[in-house]
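Visitor: Provided below for reference: sequence and predicted model.
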4 protein chains.
Amino acid sequence: VEKGRVEAFSDGVFAIAITLLVLVFLEQHFEEGNLGSELTALWPSYLAYVLTFFTIGITWVNHNAIFRHLAAVDRTLLYLNIALLVPNVFLPFPTQLLAEFIRTDDARDAALVYGCTMTVMALLFNAVWHYAAWGRRLLASDVDEREVSGITRSYAPGPIIYGLATLLAFASPVASAIAYGLIALVYVSTSIWGSENPAR
Amino acid sequence: VEKGRVEAFSDGVFAIAITLLVLVFLEQHFEEGNLGSELTALWPSYLAYVLTFFTIGITWVNHNAIFRHLAAVDRTLLYLNIALLVPNVFLPFPTQLLAEFIRTDDARDAALVYGCTMTVMALLFNAVWHYAAWGRRLLASDVDEREVSGITRSYAPGPIIYGLATLLAFASPVASAIAYGLIALVYVSTSIWGSENPAR
Amino acid sequence: VEKGRVEAFSDGVFAIAITLLVLVFLEQHFEEGNLGSELTALWPSYLAYVLTFFTIGITWVNHNAIFRHLAAVDRTLLYLNIALLVPNVFLPFPTQLLAEFIRTDDARDAALVYGCTMTVMALLFNAVWHYAAWGRRLLASDVDEREVSGITRSYAPGPIIYGLATLLAFASPVASAIAYGLIALVYVSTSIWGSENPAR
Amino acid sequence: VEKGRVEAFSDGVFAIAITLLVLVFLEQHFEEGNLGSELTALWPSYLAYVLTFFTIGITWVNHNAIFRHLAAVDRTLLYLNIALLVPNVFLPFPTQLLAEFIRTDDARDAALVYGCTMTVMALLFNAVWHYAAWGRRLLASDVDEREVSGITRSYAPGPIIYGLATLLAFASPVASAIAYGLIALVYVSTSIWGSENPAR
């Protein structure tokens, strides 16, 4: 039961985070007589909106994968889970910064904020998983040991990859932004191809 | 379990999308001494608000219908589902554009954005359903073959109908806007009359 | 299952509607050096915020009561339910109008908009219930006939009471606003005292 | 079933409340050419954002703990629960006030509003629990009497602690703000160390 409420609460938070960027559009004011070109000029925001959907979608899928292996949750996991939601809900803000400033002199700062947020998120995913899997503390008894080490291996490179993409911003913010998009794309692709069985 | 979380997450996203347009009202500033006529002048926004409720309501009912037939979800379906949520959450923005610009020279652009969003959504509904139903990949074993082809047939005309209503905007944006409203109305009516048994 | 998703979706929409008015506070800009008195001057907004919580809370409790008696939902009920959510999500807007304009010459218009929204909501509650209970169409088989007519009787006066409180605005908007608050207060009190058994 | 819907509704409300402060960032307008230092100057808002996450996270964990012990809910508990949500959803507003005004002459007023909100919340937690536990009115039959008095004891000091931290604002608003942060920190720590068994 308790575990179900943690999932329900997290689902609600993910659902809100994924929709936040559309507020940027709703609050835009457009001049009459020029709507078409004003809408076209917003293209980085459309990209940012789709990127948010898939990035938070990926973290939600990962969150799912972790919780499916848990038999129980304890207080430490509850608070680690809340900590994990902090960068997720924050993410629409750096994404919008990236969209707004990527073509300006402030591109580097925007790319750094985005990258740091994602690096922290990747670290927290490792923390949540290691806490749950340590000595099989919270794992369900029917979870295969190979599956456990598979998840452990798949989360390990996250902070390094995002850390490197963040550092890339010092050389080229645009390259860094492209890297963020590519990481999401690669993740979705391998996630689709790497999964064996549909989850029931 | 997994399927339940996909539904819960999607329900949350639909619930937020359906409520977004009320923010347009909450952020309005009214001059004192003239409230009545200022409120009356907002009538296209009231229509847009109700249209959003029923259009997203319809897509939620459809989403429901698809998932009721699934025995399982896999990663590809997870990401197709996230893709399907992209235009749903976006929809309040073109709806508000339509309300704001239908009486101006920008009416055509607003009608085009709305129509394209709906056409993409109709395409994605077909994609999700075809992916799930292909060789009965993810369907529950007790789903009747006739029911499957019934759903397939009912989704097929969506992109064409919305595509034509979108093209209508080149001739008359107002006609296009009326078409969008009528499609929703016809859909709700046939959906009510066409359904045989209450879902338990 | 289907019924569970209708409840989950409606719960999400109610949860968002009930929280919308806090955005009015978050978007307020305060001058430095005068925070205390600026915060105090917002007292009608605090009242409006609490009124929203309890009014939407009451409709949520009623929604609960209706759905607890249903064995199934059909398409018509789905769309009636969506129609019922329209004034619920809208309600924070007239509530805020009431708070903002009750001390101005526009008080009457604000009170009328609030009253009409509540009257429509009361009508829709009757519509949903009568549709479900007509010939016991969607009722669970173990629902007592006396309970059914009890609910029918309890919903019937709603539109009349709110209609009269709305008309009161032509004589005195303040009296009308007080009536809205009193109706909510009386409803909560009788609801607490009138219920026999805790729902499990 | 009913109890499940109260939990689902409350989870939705908590999920929204916890994400509200990110809107403050999304609505910020930044000057070009100075993004880095403008983002740095927002540090009290970042702290406020994290404080909101953990404070509302704590109340959600407490809410969880109460409801896990209930066998049933009645109408009075429903409305007490709605009352409890009022300060929770409101909390992001005083938190943001604290972040914005802690370095100004208005710091005291901001600290007072935050403290009063938390004191009211602590009082309402006691009210909800005492109502449910009085004569074991709504408790599940397998709940241990020692557990009941353990929860009673753990909630009792809340209003006093927050009341004192609030009064501290008259001496030093900064000390008061630090106290609010410390209370949350101590709470999370003792909550993690004090819990025996993972909840299944």
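Guide: Okay, I see it.
Visitor: so what's the closest residue to chain D within chain A closest to, chain neighbours aside?
Guide: For chain A, the residue closest to chain D is A:G12, as judged by C-beta to the nearest C-beta, at 3.1 Å. No exception for glycine: its C-beta is placed from N, CA and C like everyone else's. In this structure, A:G12 finds its nearest non-sequential neighbour in D:A15, 3.1 Å apart by C-beta to C-beta, 6 or more residues apart in numbering or on different chains.
Visitor: Give me the neighbour count for the one you found.
Guide: 28 (other C-beta atoms under 10 Å in any protein chain shown).
Visitor: Mind giving me the packing neighbours of the helix or strand containing it?
Guide: Per DSSP states H and E: D:A15 is located in helix D:2-19. Helices and strands touching helix D:2-19, by 3 or more C-beta pairs under 8 Å, 6 or more residues apart in numbering or on different chains; DSSP states H and E, are helix A:2-19, helix A:75-90, helix B:2-19, helix C:2-19, helix C:43-68, helix D:43-68, helix D:75-90.
Visitor: Repeat the analysis, applying 10 Å as the threshold.
Guide: Under the contact criterion of 3 or more C-beta pairs under 10 Å, 6 or more residues apart in numbering or on different chains; DSSP states H and E, helix D:2-19 touches helix A:2-19, helix A:75-90, helix B:2-19, helix C:2-19, helix C:43-68, helix D:43-68, helix D:75-90, helix D:92-101.
Visitor: by how many degrees do the first one and helix B:2-19 diverge?
Guide: The directions of helix A:2-19 and helix B:2-19 differ by 40 degrees, with axes from the mean of the first three to the mean of the last three C-alpha atoms, to 10 degrees as the criterion.
Visitor: what angle do helix A:2-19 and helix A:43-68 make?
Guide: Going by the same axes, to 10 degrees, helix A:2-19 makes 170 degrees with helix A:43-68.
Visitor: Quick one: mean pLDDT for helix A:2-19?
Guide: The pLDDT scores in helix A:2-19 average 91.
Visitor: do the helix or strand immediately after it in the chain and chain B meet at all?
Guide: Counting by DSSP H and E, the element after helix A:2-19 in chain order, helix or strand, is helix A:22-26. Yes. Using C-beta under 10 Å from any C-beta of the partner chain, helix A:22-26 reaches chain B at A:22-26.
Visitor: For chain C, state which of those residues is nearest.
Guide: A:L23 (10.4 Å).
Visitor: tell me the contacts of the closest one?
Guide: A:92, A:96, B:20, B:23, B:92-93, D:23, D:26-27 (C-beta atoms under 10 Å, 6 or more residues apart in numbering or on different chains).
Visitor: Residue in chain A with the shortest distance to chain C?
Guide: For chain A, C-beta to the nearest C-beta, closest residue to chain C: A:G12, 7.5 Å.
Visitor: Show me where chain A dips below the pLDDT cut-off.
Guide: Applying pLDDT under 70 to chain A flags residues A:1, A:194-200.
Visitor: Touching, A:I58 and A:V188? I think so.
Guide: Yes. Judged on C-beta atoms under 10 Å, A:I58 makes contact with A:V188 at a distance of 6.6 Å.
Visitor: Settle it for me: which of these two has more neighbours?
Guide: Shown here are A:I58 and A:V188; by other C-beta under 10 Å, A:V188 has more neighbours (21 against 18).
Visitor: and the gap between that one and B:T52?
Guide: Note on A:V188: its distance to B:T52, by C-beta to C-beta, to the nearest Å, is 29 Å.
Visitor: repeat for A:V86
Guide: Taking C-beta to C-beta, one finds A:V86 at 31 Å from B:T52.
Visitor: now do A:Y155
Guide: 39 Å.
Visitor: Show me which of these two is the more surrounded one.
Guide: In terms of neighbours (other C-beta under 10 Å), B:T52 is the more surrounded of A:Y155 and B:T52; the figures are 24 against 20.
Visitor: and the more buried one, what is it in contact with?
Guide: Contacts of B:T52 (C-beta under 10 Å, 6+ apart): B:17-22, B:91-92, B:94-96, B:99, B:184, C:86.
Visitor: Turn the residues you listed into a markdown table, columns for neighbour count.
Guide: A markdown table is the format used below for those (neighbours: other C-beta atoms under 10 Å in any protein chain shown):
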| residue | neighbour count |
| --- | --- |
| B:A17 | 24 |
| B:I18 | 30 |
| B:T19 | 28 |
| B:L20 | 25 |
| B:L21 | 26 |
| B:V22 | 24 |
| B:L91 | 24 |
| B:P92 | 29 |
| B:P94 | 24 |
| B:T95 | 27 |
| B:Q96 | 24 |
| B:A99 | 23 |
| B:A184 | 19 |
| C:V86 | 22 |
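Visitor: need the contact list for whichever residue of chain A sits closest to chain B.
Guide: Nearest residue of chain A to chain B (C-beta to the nearest C-beta) works out as A:A15 at 3.1 Å. A:A15 makes contacts with A:56, A:60, B:8-17, B:85, B:89, C:12, D:12, D:15-16, D:19, as judged by C-beta under 10 Å, 6+ apart.
Visitor: what do you get for A:P92?
Guide: Per C-beta under 10 Å, 6+ apart, neighbours of A:P92: A:16-24, A:48-49, A:51-52, A:55-56, D:19, D:22-23, D:25-26.
Visitor: No further questions, thank you.
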